[in-house]
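# From the sequence below, what's the structure:
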Amino acid sequence: MTAPNWCVVCGIETTFTHDHRADLTGLDDGPPFRDERKKPEPKSPDEYKRIRSQAWATRRQKYGTHGHR
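Presented below is the predicted three-dimensional model:
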């Protein structure tokens, strides 16, 4: 086991290197022996538009025209 180091960003004592990526997950990459997290394939703007419209249609169907209870 290696000697602990202090992270200059978050200030915690760790035995592995980690980074603070701006991927908005709140997760660090973890120990070096772990594989990198799987990231979803980027979606096109048309795909996002389809997903949002489907979600709003479902919401209107469940809750009526105002979209809430």
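# going forward, measure contacts and count neighbours with C-alpha atoms only.
Will do.
# quick one: low-confidence ranges for this structure?
1-4, 16-37, 67-69 (pLDDT under 70).
# Mark out where each domain of the protein begins and ends.
The record's domain parsing of the chain by automatic domain parsing lists 1-38, 42-69.
# Quick one: residues contacting W6.
By C-alpha atoms under 8 Å, 6 or more residues apart in numbering, W6 lies in contact with I12, E13, T14.
# ok, which stretches of this structure are helices?
With DSSP state H applied, the chain shows helices at 45-63, listed in chain order.
# just the strands in it please.
Taking DSSP state E, the strands of the chain run over residues 5-6, 13-14.
# And the last one, what does it pack against?
This points to strand 13-14. strand 5-6 (3 or more C-alpha pairs under 8 Å, 6 or more residues apart in numbering; DSSP states H and E).
# ok so, going back, nearest to I51 among the contacts of W6?
Proximity of the contacts of W6 to I51 (C-alpha to C-alpha) peaks at I12, which lies at 39.4 Å.
# hey, what's the residue lying closest to that closest one once chain neighbours are set aside bridged with?
Closest residue to I12 apart from its sequence neighbours, by C-alpha to C-alpha, 6 or more residues apart in numbering: W6 at 5.7 Å. Using DSSP bridges, the bridge partners assigned to W6 are E13.
# sorry, back to before: would you turn the strands of the chain into CSV with distance to H66?
Listed next are these as CSV, based on distance: least, C-alpha to C-alpha, whole Å:
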stretch, distance to H66
strand 5-6, 51
strand 13-14, 50
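# do you know which of these lies nearest D46?
strand 13-14 (42.6 Å).
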